[in-house]
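Participant: My questions concern the predicted model and sequence given below.
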Amino acid sequence: MGYLVERIGKKIIAGLDELGRITSLLQQIIVQGLKKPFNTKHFVQQMVKIGVDTLPIVSLMSIFVGMVLGYLAYLQFKIVGLEMYTGSLVAASLTMELGPVLTAIIVSGRIGSSTAAEIGTMKVTEQIDALRTMATDPIKYLAVPRFYAALIMLPILTVFADIIGMFGGYMIGVWKFGIRHQIYIQKSIDFLDPIDIINGLVKTIIFGGLMITISCYKGFTASGGAEGVGQATTSAVVLSIMTVLVSDYLLTMILY
Amino acid sequence: MQQELKIGIVVAAAIIIAGIMITLAGGRSFYRQGYQLRVHFDYVSGLEIGAPVRLAGMEIGEVRDLRLVGNQIETTIWVESSAKIHSDARVTINSLGIVGEKYIEITLGKKGRLLKNNDSITGENPVNVEEVLMRGERIVKMLDYQVKFLEKVLFNGQTAWEEVSGIIHNLSEITKDTNDLIKNNKQDISLSIRNFNKLSTTLEKTVDENRKELQNVTGELKKATKNLNTAILNTDKGLNKCLTEFSTAASNFSNICKKIDEGNGSLGRIIKDKKIADDLSETTNNLKLLSEDLKQHPWKIMKPKEEKHQGKGK
């Protein structure tokens, strides 16, 4: 019994310690990011990696999510004779919740894992130490470009996710179920609030910052060779997605 | 450079899409011109900011603000500039269904000046749904009572129902009979109607032809009535006098009768006193005898003294 309590206590302390370290890393990234010079080359590379290269998978995800939403919403609304509101539901749920969160989860899976793996490999092969010996701050060199790239690219990916998802819903609603084109568009627009769209984009900025900070932290703290890198990658993805979902709840409470 | 181009394309596309989405979602006010009106209500029935405003059923704007001013609620609404609202327009709060979304309905006014930006107009208070429901409940209760009463009257006991059905049966028979009657006498009826028609046309014609004469007759009649009127008026005075005299005479007579009744005066005494009456009847008898005697012996008159004494002695 005493052993169990001790273990739980150790876990809690370790968790709090990790939270403190991540917060400290976030603070360091922000401080370093404000300092000149700015590594433009790395920044552009990361933008392409996070934004342009992730766009196809985000589009594919969002069009299917939109289609599923449209399909299910139509079936439910049809029961009460309100099928023309299918577009409203698809548009509202995509812009407020599904667009931002699913984009953040996909980016966490794709970018979080690669970031943790890259930095973790550099850590276990002592390249980070090599950077330090060259008087280069590894945080400024590795984390800051990724951080800014994520902050900028996540909202942009979310905009695509929103519009493509709505198109998916439109395909189902208008082409499959025969809702009139004008009504679908009109109802979608009627229930869209610019504040909701902007709130959704603000959420993704915060998701992006948290996700990339956690991934970098896991990379920087990787140890124990290839296996350690693998572990770091896994826990980076898991923790990123958990953080995205938990912070989504809190942000929704704050923003709406 | 290739990488930067890719990023540029993606970012530009995202900004354009976001711009379009936000603009469309923001509603018409971004690209449509309009003006604001202030509407005063006593009761707004849960109207909310952003609720639609409809002019004659067409959506033309939205509710921008709701606030308390004094003991009224001032509603600020935004409407498109193409919507011309006159000052006599009726502004009401309606809802889509009983518990549905509330919206402001404006009817097209006809007279009155056109309302401009920031003009104020008084709205009509919406129907309180709870009140309507309560009234409905009362009505339903009353209906229920009536139906029960009818049920009692019609179905409680076979007789009432039989009577009703009998009445209906009779009615139907009457209708049938009437129908038959009309059918059988169709020709007569149509003839009657035709005759009536003819009569009325003839009458009309006659009246038309003799209009002048008729007018003359009416005029004469009028005159005669006038004369009669004056005559009556004049006679009225004479009559009055006559009547008063008659009435005095009547009262005098009644006085006399009274006196007679009481036994005053000779006549009264005659009537009232029995002895006198007896005397009188005796006298009458004697007179009768005398006259008979005289008839038989007229010569008695010739010897007055003796005969007289003799007669008296008898």
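Facilitator: That came in fine, so what should we check first? Numbers count the residues shown, from 1 in each chain, chains lettered A, B, ... in the order given.

Participant: From here on, just use CA atoms for contacts and neighbour counts.
Facilitator: OK.

Participant: and the stretch 1-150 of chain A, which residues reach chain B?
Facilitator: A:44-45, A:47-48, A:51-52 (Cα under 8 Å from any Cα of the partner chain).

Participant: try the stretch 151-256 of chain A
Facilitator: Counting by Cα under 8 Å from any Cα, the stretch 151-256 of chain A sits next to chain B at A:156-157, A:159-160, A:163, A:189-194, A:197.

Participant: go again using 6 Å as the cut-off
Facilitator: Residues of the stretch 151-256 of chain A lying near chain B by Cα under 6 Å from any Cα of the partner chain: A:156, A:159, A:189, A:192-194.

Participant: Which of the residues you listed fall in helices?
Facilitator: A:156, A:159, A:189, A:194 (DSSP state H).

Participant: hang on, isn't the last one packed against B:Ile22?
Facilitator: Yes. In terms of Cα atoms under 6 Å, A:Pro194 counts as a neighbour of B:Ile22; the distance is 4.8 Å.

Participant: Okay, and residue 218 sits in which element?
Facilitator: Reading this off chain A. Assigned by DSSP states H and E, A:Lys218 belongs to helix A:194-220.

Participant: That was the other one, I meant chain B.
Facilitator: Assigned by DSSP H and E, B:Thr218 falls in helix B:211-262.

Participant: Restrict the helix or strand where B:Leu289 lies to CA atoms and write it as CSV.
Facilitator: B:Leu289 is located in helix B:274-296, with elements delineated by DSSP H and E. Below are the C-alpha coordinates for helix B:274-296, written out as CSV (Å, rounded to 0.1, in the frame of the first residue of the first chain):
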residue,chain,number,x,y,z
LYS,B,274,-144.3,55.9,0.7
LYS,B,275,-147.5,57.6,1.8
ILE,B,276,-147.3,60.2,-0.9
ALA,B,277,-146.7,57.5,-3.4
ASP,B,278,-149.8,55.6,-2.2
ASP,B,279,-151.8,58.8,-2.3
LEU,B,280,-150.5,59.4,-5.7
SER,B,281,-151.5,56.0,-7.0
GLU,B,282,-154.9,56.4,-5.4
THR,B,283,-155.3,59.7,-7.0
THR,B,284,-154.3,58.2,-10.3
ASN,B,285,-156.9,55.5,-9.8
ASN,B,286,-159.5,58.0,-9.0
LEU,B,287,-158.6,60.1,-12.0
LYS,B,288,-158.9,57.0,-14.1
LEU,B,289,-162.4,56.2,-12.7
LEU,B,290,-163.4,59.8,-13.2
SER,B,291,-162.3,59.8,-16.8
GLU,B,292,-164.2,56.5,-17.4
ASP,B,293,-167.2,58.0,-15.7
LEU,B,294,-166.9,61.1,-17.8
LYS,B,295,-166.7,59.0,-20.9
GLN,B,296,-169.9,57.1,-20.0
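
Participant: what's the average pLDDT for it?
Facilitator: On average, the pLDDT along helix B:274-296 is 84.

Participant: so what does it touch, helix or strand wise?
Facilitator: Identification of packing neighbours for helix B:274-296 by 3 or more Cα pairs under 6 Å, 6 or more residues apart in numbering or on different chains; DSSP states H and E yields no helix or strand.

Participant: What is the distance between stretch A:104-124 and the centre of its chain?
Facilitator: 12 Å (Cα atoms, centre = their mean, to the nearest Å).

Participant: Could you give the separation between the terminal residues of it?
Facilitator: This stretch, stretch A:104-124, spans 28 Å end to end (Cα to Cα, to the nearest Å).

Participant: which outside residues touch it?
Facilitator: A:128, A:215-216, A:218-220, A:222-223, A:225, A:229, A:233, A:237, A:241 (Cα atoms under 6 Å, 6 or more residues apart in numbering or on different chains).

Participant: tell me the least confident of those?
Facilitator: Among those, A:Gly225 has the weakest pLDDT, 87.

Participant: need the contact list for it.
Facilitator: So A:Gly225 contacts A:Val124 (Cα under 6 Å, 6+ apart).

Participant: That one and chain B, how far apart?
Facilitator: Look at A:Gly225 and chain B: by Cα to the nearest Cα, to the nearest Å, they are 33 Å apart.

Participant: next one: A:Leu89
Facilitator: 14 Å.

Participant: The nearest residue to that residue once chain neighbours are set aside sits in which helix or strand?
Facilitator: Nearest in space to A:Leu89, with sequence neighbours left out and distances taken as Cα to Cα, 6 or more residues apart in numbering or on different chains, is A:Ala73 at 7.1 Å. Using DSSP H and E, A:Ala73 sits in helix A:55-79.

Participant: Tell me how many other residues surround B:Glu282.
Facilitator: By other Cα atoms under 10 Å in any protein chain shown, the residues close to B:Glu282 number 12.

Participant: For residue 65, report the pLDDT, please.
Facilitator: No chain specified, so I'll use chain A. Predicted confidence (pLDDT) for A:Val65: 95.

Participant: Actually, chain B is the one I wanted.
Facilitator: Looking at B:Asp65, the pLDDT reads 87.

Participant: Surely it is in contact with B:Thr76?
Facilitator: Yes. Between B:Asp65 and B:Thr76 there is a contact under Cα under 6 Å: 4.9 Å.

Participant: Of the two, which one has the most company?
Facilitator: Using other Cα under 10 Å as the criterion, B:Asp65 and B:Thr76 rank with B:Thr76 on top: 20 against 14.

Participant: Could you rank the ones in helices among the residues of the stretch 151-256 of chain A next to chain B by neighbour count and give me the top one?
Facilitator: Within these, most neighbours by other Cα under 10 Å means A:Val159, with 30 neighbours.

Participant: What residues does that residue make contact with?
Facilitator: B:Ala14.

Participant: From B:Ile60, how far off is it?
Facilitator: In terms of Cα to Cα, A:Val159 sits 30 Å off from B:Ile60.
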